[in-house]
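Chemist: what follows is a predicted structure for the sequence shown.
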Amino acid sequence: MTAIRVQKYGGSSVADVGRLLRVAERVVEAKRQGFQVVVVVSAMGDTTNRLMKMAHEITPEPPRRELDMLLSTGERISMALLSMAIQAHGYEAISFTGSQSGILTNDRHFEAQIIEVRPIRIQDELARGKIVIVAGFQGMSYKREITTLGRGGSDTTAVALAAALGAGSCEIYSDVDGVYDADPRVVLDAKRLDSLGYDEMEEMARMGAKVLHAEAVRFAREHGIALYAKATAGSEGYTLIRRDLDAEPKTKMAITCLRPLCWLSVPYAEADEAAYQAQLAAQGLHPSLSFWGGQQIEVAFWRDAYPELDAAVARLRWPAIAEEKAVVSVIGSQSGDIAGALVRANQAVRGILEAAQWRVWTAPLRMSFAVPLACADDVQRALHRAFCVESLGA
């Protein structure tokens with residue numbers, strides 16, 4: 001049986017016709033090597049942002065159903081153009097939407113989750129020798145509504161298809177050659193990590209690393225799919241994420257940044273906690289981070305996940321102090337000396353901020369600092385010097 005290769009190309013990889021033509025050449029080369037090829041594409045360049053902007057020019061609160069209908073068109077443009085480009089090379093190709101690909105989701109618009117994949121049409125076309133191009137980021141709910149999977153959802157599309165097709169691995173292409181120990185646009189001496197376990201990668205993705213979507217990593221873990229994060233052009237290097245790497249000693253450290261976050265502080269009263277949680281749920285608000293107790297209820301929302309966040313917050317009954325913040329995290333194993341790691345981290349941050357300007361909390365693979373948005377880059381660089389440069393022996 002011919003092996004299946006699943007590839008995903010991000011928006012920067014197909015940002016214009018020239019880049020899309022180069023992607024077509026890479027896809028055709030995989031076909032020449034004897035693979036059955038399934039390609040998942042994102043929308044071209046900043047198409048999703050432009051569509052979102054137009055929606056907000058019409059109304060501050062775009063209905064989520066209609067927003068899904070609008071945003072799903074971006075990936076459809078990419079898939080059709082790439083199919084044309086491949087056919088221009090003399091190879092048979094066909095493009096499918098998420099619903100045509102059999103990607104079934106729950107009925108939550110804008111942040112739907114995949115519940116089942118029935119790739120019957122894809123399998124039929126592969127058997128006919130065609131290259132199959134799939135629009136990422138979208139599916140169809142059990143109510144037969146078009147849904148989208150949230151920012152970065154094309155990664156999840158690709159991993160879900162790899163699992164359903166029995167591919168065993170999935171190649172994720174972007175404009176960087178793998179996962180770095182910090183954002184190389186902010187930390188100039190950031191280093192590429194050759195390999196990671198699912199645990200570390202998922203934690204990094206949830207806390208702001210842009211190369212892979214957290215839901216895709218979770219899906220890969222559940223189905224045993226190895227992930228290769230690669231560059232579309234240039235470098236031959238990559239980062240491998242695989243199950244057996246979770247068992248390795250976690251000596252690698254990485255810095256991530258999640259922003260922009262709308263950070264709400266509400267005076268705390270124990271009797272009001274359940275009511276406040278109910279209010280958040282009624283507005284469709286699910287905090288990215290939350291703290292309950294002490295003198296304040298604190299909840300934070302990643303703005304990219306909530307297109308109508310400000311209007312929803314305004315409808316909450318309790319008055320809240322809203323701030324724009326970033327959360328900078330040190331990802332890696334601190335279990336051996338958590339106290340020492342905290343001291344070192346606090347010293348690094350204290351060189352930039354006064355103690356009252358940040359909040360720190362820990363998890364098994366993470367230390368996180370909530371800091372003013374304007375200071376986020378400096379904090380990333382300071383924590384990278386304190387942890388990653390030393391741990392990598394640079």
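Modeler: Yes, it's here.
Chemist: so Tyr306 sits right up against Ala312, yeah?
Modeler: Yes - between Tyr306 and Ala312 there is a contact at 7.0 Å, judged by Cβ atoms under 8 Å. C-beta: built from backbone N, CA, C; applies to glycine.
Chemist: neighbour-wise, which of those two wins?
Modeler: More neighbours surround Tyr306 than the other of Tyr306 and Ala312, with 20 against 17 (other Cβ atoms under 10 Å).
Chemist: that one and Lys325, how far apart?
Modeler: 15 Å (Cβ to Cβ, to the nearest Å).
Chemist: returning to what we had before: return every residue with contacts to both of Tyr306 and Ala312.
Modeler: Residues touching both Tyr306 and Ala312 by Cβ atoms under 8 Å, 6 or more residues apart in numbering: Leu285.
Chemist: helices or strands up against the helix or strand harbouring Gln277?
Modeler: With elements taken from DSSP states H and E, the one containing Gln277 is helix 273-282. For helix 273-282, the packing partners by 3 or more Cβ pairs under 8 Å, 6 or more residues apart in numbering; DSSP states H and E come out as strand 296-302.
Chemist: tell me how far the strand it packs on lies from the chain's centre.
Modeler: How far strand 296-302 lies from its chain's middle: 21 Å, per Cα atoms, centre = their mean, to the nearest Å.
Chemist: after it comes which helix or strand?
Modeler: Following strand 296-302 in sequence, per DSSP H and E, is helix 309-314.
Chemist: and that following helix, what's its mean pLDDT?
Modeler: Mean pLDDT, helix 309-314: 82.
Chemist: distance from the chain centre to it, please.
Modeler: Centroid separation for helix 309-314 versus its chain: 23 Å, with Cα atoms, centre = their mean.
Chemist: in it, what's buried?
Modeler: Buried residues in helix 309-314, counted by 16 or more other Cβ atoms under 10 Å: 309, 312-313.
Chemist: alpha carbons of it, as PDB, please.
Modeler: Extracted C-alpha coordinates of helix 309-314, given in PDB (Å, rounded to 0.1, in the frame of the first residue of the first chain):
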ATOM      1  CA  LEU A 309     -14.600  40.600  23.600                       C
ATOM      2  CA  ASP A 310     -15.000  44.300  24.600                       C
ATOM      3  CA  ALA A 311     -18.800  44.200  24.000                       C
ATOM      4  CA  ALA A 312     -19.100  40.900  25.900                       C
ATOM      5  CA  VAL A 313     -17.100  42.300  28.900                       C
ATOM      6  CA  ALA A 314     -19.300  45.500  28.900                       C
END
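Chemist: tabulate the buried residues of helix 309-314 in TSV, adding columns for distance to Arg344.
Modeler: Compiled in TSV, the buried residues of helix 309-314 are given as follows (distance: Cβ to Cβ, whole Å):
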residue	distance to Arg344
Leu309	35
Ala312	39
Val313	36
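Chemist: ok, so of these, who is nearest Ala88?
Modeler: Nearest to Ala88, judged by Cβ to Cβ, of the buried residues of helix 309-314 is Leu309 at 42.9 Å.
Chemist: distance of that closest one from Leu285?
Modeler: Counting by Cβ to Cβ, the gap from Leu309 to Leu285 is 8 Å.
Chemist: now the common contact residues for the two.
Modeler: Contacts common to Leu309 and Leu285, judged by Cβ under 8 Å, 6+ apart, are Phe301.
Chemist: so where's the stretch 151-300 of the chain shaky on pLDDT?
Modeler: The stretch 151-300 of the chain contains residues with pLDDT under 70 at 245-251, 268-271, 293-294.
Chemist: I'd say Asp181 and Thr239 touch.
Modeler: No - using Cβ under 8 Å, Asp181 makes no contact with Thr239, being 10.5 Å away.
Chemist: more neighbours: those two, which one.
Modeler: The residue with more neighbours, out of Asp181 and Thr239, is Asp181; 27 against 22, by other Cβ under 10 Å.
Chemist: tell me the contacts of that one?
Modeler: By Cβ under 8 Å, 6+ apart, the residues touching Asp181 are 190-193, 252-255, 384, 388, 392.
Chemist: change it to 7 Å
Modeler: Counting by Cβ atoms under 7 Å, 6 or more residues apart in numbering, Asp181 makes contact with 190-191, 193, 253-255, 388, 392.
Chemist: what touches both of Asp181 and Thr239?
Modeler: Common neighbours of Asp181 and Thr239 (Cβ under 7 Å, 6+ apart) are Leu193.
Chemist: where exactly do the helices run in this protein?
Modeler: 17-32, 47-58, 64-88, 120-127, 153-165, 198-206, 214-223, 273-282, 309-314, 338-350, 376-383, 389-391 (DSSP state H).
Chemist: quick one: closest of these to Arg259.
Modeler: Arg259 sits nearest to helix 376-383 of all the helices of the chain, at 5.8 Å, using Cβ to Cβ.
Chemist: from Leu365, how far out is Ala163?
Modeler: Counting by Cβ to Cβ, the gap from Ala163 to Leu365 is 24 Å.
Chemist: give the buried residues for the longest strand along the chain.
Modeler: If you go by DSSP state E, the chain has its longest strand at strand 254-267. Buried positions in strand 254-267, judged by neighbour count with 16+ other Cβ under 10 Å: 254-259, 261-266.
Chemist: repeat that for stretch 56-67.
Modeler: Neighbour-count burial for stretch 56-67 [16+ other Cβ under 10 Å]: 62, 64, 67.
Chemist: in this structure the second one contacts Glu111, no?
Modeler: Which is Arg64. No - contact between Arg64 and Glu111 fails when scored by Cβ atoms under 7 Å: they sit 9.1 Å apart.
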